[in-house]
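Chemist: Predicted model follows, preceded by the sequence.
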Amino acid sequence: MAATGSEKQGTKAFYVTTPIYYVNDAPHLGHAYTTVAGDVLTRWHRQRGEKAWYLTGTDEHGQKIMRTAEANDVTPQAWCDKLVEEAWKPLWEHLNIANDDFIRTTQKRHTDRVQEFVQDLYDKDEIYKGGYEGPYCVGCEEFKLPGDLIEAEDGTKLCPVHKRPVEILKEENYFFKLSAYGPKLLEFYEANPGFIQPESARNEVVNFVKQGLDDLSISRSTFDWGIPVPWDEKHVIYVWIDALLNYATAVGYNENPAKFEETFPADVHLIGKDILRFHAVIWPAMLMAQGLPVPGRVAANGWLMVGGEKMSKSNLTGIKPQDLTSHFGVDAYRWYFLRAIAFGQDGSFSWEDFTARYTSELANDYGNLASRVAAMVGKYFGGELPAAAADGDAEKAVQDGLAAAVATADRKIGEELDFQAGILAIFDFVKQVNGYITEQEPWKVAKDESEEGRARLATILYTAAESLRAVAVLLNPIMPETSQALWDSLGAEASLGALAAQPVQSSATWGQLPAGATVTKGAVLFPRLEEPKKD
């Protein structure tokens with residue numbers, strides 16, 4: 001059983017991270033998908049009453065960044081500065097990402113700590129000098145195993161992710177003794193079966209490690225855009241060693257012991273499945289070598305697909321999130337991808353599917369419910385929420401439905417990272433409330449002006465409004481703007497305090513919306529979509 005918010009107060013923060021993203025280009029839907037998921041997860045735990053910490057940032061070293069900057073006739077640092085300030089940070093603000101920190105791997109707070117970490121491993125004889133020759137994908141910044149490559153029609157060996165030719169590199173490097181950690185990793189996976197999710201990802205990693213690990217090249221010597229190896233500045237630290245350490249350097253490694261103690265390790269690393277081995281093999285091995293605790297979970301989301309291809313700039317399928325938010329709105333955007341795609345699996349995106357789900361579930365089911373309830377309270381009770389005075393079996397069914405929805409959503413989103421199932425549980429409850437109103441027919445009950453009739457009408461409308469109060473709490477981590485608008489419409493702010501301070505679990509406690517609250521019909525939560533312009 002998970003600890004409650006009160007039980008976790010004063011203990012380690014619930015620490016969530018995204019990958020740090022390469023700044024070779026502007027962010028696309030795939031980057032935003034992972035970042036929104038992390039934001040929803042962190043907001044959910046905060047709303048439980050827990051301490052939480054959400055980290056994202058940018059990966060700014062390596063050969064790919066250097067070549068991109070050269071192609072744009074600027075220095076690598078100038079390129080990174082421009083992309084971070086003009087593209088990445090503004091997008092996260094636009095999408096209401098409530099991250100606690102944004103780390104850049106060119107920051108001194110990171111580079112100094114990376115050098116210290118690597119120096120410590122070298123001093124412990126975990127690193128040695130050698131040579132390496134093999135296929136390298138600059139796009140992945142990774143040496144590839146020959147068996148991982150795919151073959152073009154002309155026989156050229158291609159990276160399976162980017163579908164581009166690999167380069168054969170031969171250079172003198174420093175190596176981390178990764179091979180020694182194979183048995184320790186397998187023992188750890190066995191003892192912690194939930195460490196890697198989903199199960200298909202876990203199976204992939206276990207099988208990979210069972211085949212035997214090679215030592216890992218942790219430096220490059222043919223270019224200089226990176227953090228210098230402290231004992232040999234002719235080398236720079238391999239970008240993936242540099243990048244992985246952001247999860248430690250951002251929370252005070254070797255600099256702020258109190259912060260590090262209350263935050264590290266991450267409870268959840270959210271990553272794309274194409275970087276699974278770095279996070280589930282190399283990262284825990286590095287931590288084991290340094291005597292540091294291993295993360296709680298590495299959760300690999302699937303790929304967003306367009307036309308059967310992974311969404312990416314290199315595949316010419318990159319779509320800007322703003323292309324969608326300008327049409328559907330930010331909250332609908334945040335909701336859609338977690339609702340439409342099972343986290344951990346590949347999912348296809350289409351405008352048609354987004355439009356259909358928006359219209360059916362957001363506009364018709366949810367938005368229309370909020371508008372109808374506010375309108376009826378205004379029409380029949382002058383905008384003042386009446387007290388429930390005639391509860392019966394129908395109301396008990398709604399209350400039970402809410403309790404079930406809260407329990408399911410809290411477990412699915414907060415513990416299992418099954419955002420889709422959690423959201424569906426909430427919207428199943430929305431459908432139940434719509435069904436309740438249809439069955440109770442308050443517009444007909446309103447014609448009965450007897451004391452019993454007025455009591456019955458009051459009970460129906462109170463039940464509907466109280467249900468919406470709970471839905472606003474449940475959907476707040478997912479759709480914060482519309483939840484706040486609904487909260488205000490129900491007159492809940494003054495009586496219950498800030499929406500963000502309402503614990504998720506408490507939303508199941510019936511009767512929190514006080515009779516007498518002023519209910520107003522505000523702007524439509526989810527306006528009808530404009531028809532596409534025809535030529």
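Modeler: Ah, there it is.
Chemist: okay, which residue of the chain is out on the far edge from center?
Modeler: Relative to the C-alpha centroid of the chain, counting by Cα atoms, centre = their mean, Ser450 is the outermost residue, at 52.5 Å.
Chemist: For the stretch 251-400 of the chain, which segments are assigned as helices?
Modeler: Using DSSP state H, counting those that start in this stretch, the helices found in the stretch 251-400 of the chain span residues 257-263, 276-277, 283-290, 321-328, 330-340, 351-357, 368-381, 393-409.
Chemist: average pLDDT across the longest helix anywhere in the chain?
Modeler: The longest helix of the chain (DSSP state H) is helix 451-475. What helix 451-475 shows for mean pLDDT is 97.
Chemist: Could you do stretch 287-303 as well?
Modeler: Mean predicted lDDT for stretch 287-303 stands at 96.
Chemist: Buried ones in that stretch, by neighbour count?
Modeler: Residues 287-289, 294-303 are the ones in stretch 287-303 that count as buried (16 or more other Cβ atoms under 10 Å). In short, each C-beta sits where N, CA and C put it, glycine included.
Chemist: Distance check, the residue farthest from the centre of the chain against Ala250.
Modeler: Relative to Ala250, Ser450 is positioned 65 Å away (Cβ to Cβ, to the nearest Å).
Chemist: now the angle between helix 330-340 and the helix or strand harbouring Leu486, please.
Modeler: If you go by DSSP states H and E, Leu486 is part of helix 480-489. Counting by axes from the mean of the first three to the mean of the last three Cα atoms, to 10 degrees, helix 480-489 lies at 110 degrees to helix 330-340.
Chemist: Can you name the residues in contact with helix 480-489?
Modeler: Here helix 480-489 makes contact (Cβ atoms under 8 Å, 6 or more residues apart in numbering) with 43, 96, 330-331, 370, 374, 468-469, 471-473, 475-476, 493, 499-500, 519-523, 525-526.
Chemist: Could you list the low-pLDDT ranges of the stretch 301-450 of the chain?
Modeler: For the stretch 301-450 of the chain, the stretches flagged by pLDDT under 70 are 307-318.
Chemist: what's around Pro230, how many residues?
Modeler: As a burial measure, Pro230 scores 15 neighbours (other Cβ atoms under 10 Å).
Chemist: Next up, the contacts around it.
Modeler: Gln115, Glu116, Val118, Gln119, Tyr122.
Chemist: Relative to Asp123, how far out is it?
Modeler: From Pro230 across to Asp123, the span is 10 Å (Cβ to Cβ).
Chemist: Then Trp88?
Modeler: Trp88 is 36 Å from Asp123, by Cβ to Cβ.
Chemist: Ala248 touches Phe117, doesn't it?
Modeler: Yes. Taking contacts as Cβ atoms under 8 Å, Ala248 lies within contact range of Phe117: 7.5 Å.
Chemist: Sitting in helices, which of the contacts of Pro230 do you find?
Modeler: Going by DSSP H, the helices hold Gln115, Glu116, Val118, Gln119, Tyr122 from these.
Chemist: who touches the third one in this structure?
Modeler: Taking Cβ under 8 Å, 6+ apart as the criterion, Val118 is in contact with Ile127, Ile218, Val229, Pro230, Ile237, Ile241.
Chemist: and of those residues, the nearest to Ala71?
Modeler: Lowest distance from Ala71 to the contacts of Val118 (Cβ to Cβ) belongs to Ile237, with 23.6 Å.
Chemist: partners of the closest one in the sheet?
Modeler: Beta-bridge partners for Ile237, by DSSP bridges, are Ser219.
Chemist: since we're on Lys177, how many residues are nearby?
Modeler: Using other Cβ under 10 Å: Lys177 sits among 17 other residues.
Chemist: now do Val161
Modeler: 21.
Chemist: excluding its backbone neighbours, what's nearest it?
Modeler: In space, and not counting its chain neighbours, Val161 is closest to Asp274: 5.3 Å by Cβ to Cβ, 6 or more residues apart in numbering.
Chemist: Between the contacts of Pro230, identify the one with the most neighbours.
Modeler: The residue in those with the most neighbours, by other Cβ under 10 Å, is Val118 (27 neighbours).
Chemist: Model confidence for that residue, exactly?
Modeler: In this model, Val118 carries a pLDDT of 98.
Chemist: Could I get the full set of strands for the stretch 151-300 of the chain?
Modeler: For the stretch 151-300 of the chain, strands defined by DSSP state E, counting those that start in this stretch occupy the ranges 157-158, 167-176, 196-197, 216-217, 219-220, 228-229, 232-237, 268-272, 298-301.
Chemist: could these go into JSON lines alongside distance to Trp443?
Modeler: Formatted as JSON lines, the strands of the stretch 151-300 of the chain follow (distance: least, Cβ to Cβ, whole Å):
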{"stretch": "strand 157-158", "distance to Trp443": "64"}
{"stretch": "strand 167-176", "distance to Trp443": "71"}
{"stretch": "strand 196-197", "distance to Trp443": "48"}
{"stretch": "strand 216-217", "distance to Trp443": "69"}
{"stretch": "strand 219-220", "distance to Trp443": "72"}
{"stretch": "strand 228-229", "distance to Trp443": "74"}
{"stretch": "strand 232-237", "distance to Trp443": "69"}
{"stretch": "strand 268-272", "distance to Trp443": "46"}
{"stretch": "strand 298-301", "distance to Trp443": "45"}
